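# Sequence plus the predicted model coming up.
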Amino acid sequence: MDLQLKGKTVMVAAASKGMGYAIALACAQEGARVSMASRDKQAIDAAAATIRAATGAEVHAYQFDAANADSIAQWVTATEQDLGAISGLVVNAGGPPAGDFLDFSDADWQSAFELTLMSAVRLIRAVLPSMQSLGAGSVLTITSSSVKEPIDILLLSNVMRSGVTALMKSLSQAYAGDNIRFNNLLPGLIDTDRLKTLNQKRAEALAISAEQVRQQQEAELPMGRYGTPAEFANAAVFLLSNAASYITGSTLAVDGGKIKTVW
C-alpha cells in the first residue's frame, strides 16, 4: 500500500528515542521529510543522523521543550522555513512522574498540565495555519491506555492525557471541513525506557525485581508479550497517512489486547 507520505513534512515531538524515534524512522522510510525534536540536543542530533543514514530521507533535528510555549513556536517556525508547509504532526512528550494523589503538590499538577495538555494545545495551534494552507493535514497524539482504564500510579497522566483525548475529539469536529484529521494513539505496554522506569518503581513498591514485574504483566496480556516501538509506529504512520483519510476523532489502542473496555 502506498501511504502517500513521500515528500510531505511530518513533525514528531520527543523523538530522540522510544516511540517518538520509531515514528520518525517509519515516516522517513515512507519518504516523508521529517522534523524531529527533543530537549536533548545531542540525542536528537544523533537520532536524526541515524535515520538519515538508514533511509536517505531528509531529516532535520531541533531542540525544543514541550512545556515551553516559545520553544514550541520556534520549532514550528524553523520547520516551515527548512521543510515547508506541515502535513503531519505527532504530539508527544515524556510522561509526568508516577505517584499517589497525596504525593503531588499544586506545582506538580501545574507542571503536568504544561507538559502534557498545554504542549498539545500549543503545538496544534501553531501548525493549524500551515495545514489549512495545504487544505489537508493529520494530527496524532500519543496518549496512554490510562485514558480508558486509569493506571493506579499514573494519576497525573490519567487526568492530563484524558484532557488531550477530549481536545482531539473536539478539534476533529471543528476542522473536518478543512480536511484536517485529529486522532489519538494509545500505547499499552510498549517496551520503552519509560516502561522500564515505571516497572522499577513498581518493583521497589512490591519488593520484587523489575524482571518479575515484566513477567507478571506479560502473563496478563492476551498476546503474552510487550509491544515493540516499531509495531506502535506502524499504526502511527497509517493514521498520519492518506490511507486513513476517512478516520478522524478516533482513539486507537496498540496494546496487545490489554484494554478490556468496549469503547
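Received, thanks.
# Show me which positions of stretch 99-108 end up buried.
By 16 or more other C-beta atoms under 10 Å, the buried positions in stretch 99-108 come out as F104. For glycine as for every other residue, the C-beta is placed from the backbone atoms N, C-alpha and C.
# swap that for stretch 184-197, sorry
Judged by neighbour count using 16+ other C-beta under 10 Å, the buried positions of stretch 184-197 are 184-192, 195.
# Determine which two of these are furthest apart.
Spatially, the most separated pair among the buried residues of stretch 184-197 is N184 and D191, at 20.7 Å (C-beta to C-beta).
# Out of the buried residues of stretch 184-197, which sit inside helices?
Secondary structure defined by DSSP state H assigns L195 of those to helices.
# closest to A46 among the buried residues of stretch 184-197?
Of all the buried residues of stretch 184-197, A46 sits closest to T192, with 17.4 Å by C-beta to C-beta.
# Show me what the longest strand seen in the chain is packed up against.
Taking DSSP state E as the criterion, the chain has its longest strand at strand 180-187. On a contact count with 3 or more C-beta pairs under 8 Å, 6 or more residues apart in numbering; DSSP states H and E, strand 180-187 meets helix 119-134, strand 137-142, helix 155-174, helix 229-240, strand 251-254.
# do that again at 7 Å, thanks
The contact analysis (3 or more C-beta pairs under 7 Å, 6 or more residues apart in numbering; DSSP states H and E) places strand 180-187 against strand 137-142, helix 155-174, helix 229-240, strand 251-254.
# Export only the CA atoms of that strand, formatted as CSV.
Extracted in CSV, the C-alpha atoms of strand 180-187 (Å, rounded to 0.1, in the frame of the first residue of the first chain):
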residue,chain,number,x,y,z
ILE,A,180,-7.6,18.1,8.9
ARG,A,181,-7.8,14.9,10.9
PHE,A,182,-7.3,14.5,14.6
ASN,A,183,-6.7,11.1,16.2
ASN,A,184,-5.3,9.6,19.3
LEU,A,185,-3.0,6.6,19.6
LEU,A,186,-2.9,4.7,22.9
PRO,A,187,0.2,2.7,23.7
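# Sheet partners, orientation included, of that strand?
strand 137-142 (parallel), strand 251-254 (parallel) (DSSP bridges).
# winner for burial among the helices and strands packed on strand 180-187?
Counting by mean count of other C-beta atoms under 10 Å, strand 137-142 has the highest mean neighbour count of the helices and strands packed on strand 180-187, with a mean of 26.
# CA-only coordinates of that strand in CSV, if you can.
Taking Å, rounded to 0.1, in the frame of the first residue of the first chain, the C-alpha atoms of strand 137-142 are listed here in CSV:
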residue,chain,number,x,y,z
GLY,A,137,-3.4,17.6,7.5
SER,A,138,-3.2,14.9,10.1
VAL,A,139,-2.6,15.4,13.8
LEU,A,140,-1.8,12.5,16.0
THR,A,141,-1.4,12.5,19.8
ILE,A,142,0.4,9.8,21.7
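# Okay then, goodbye and thanks.
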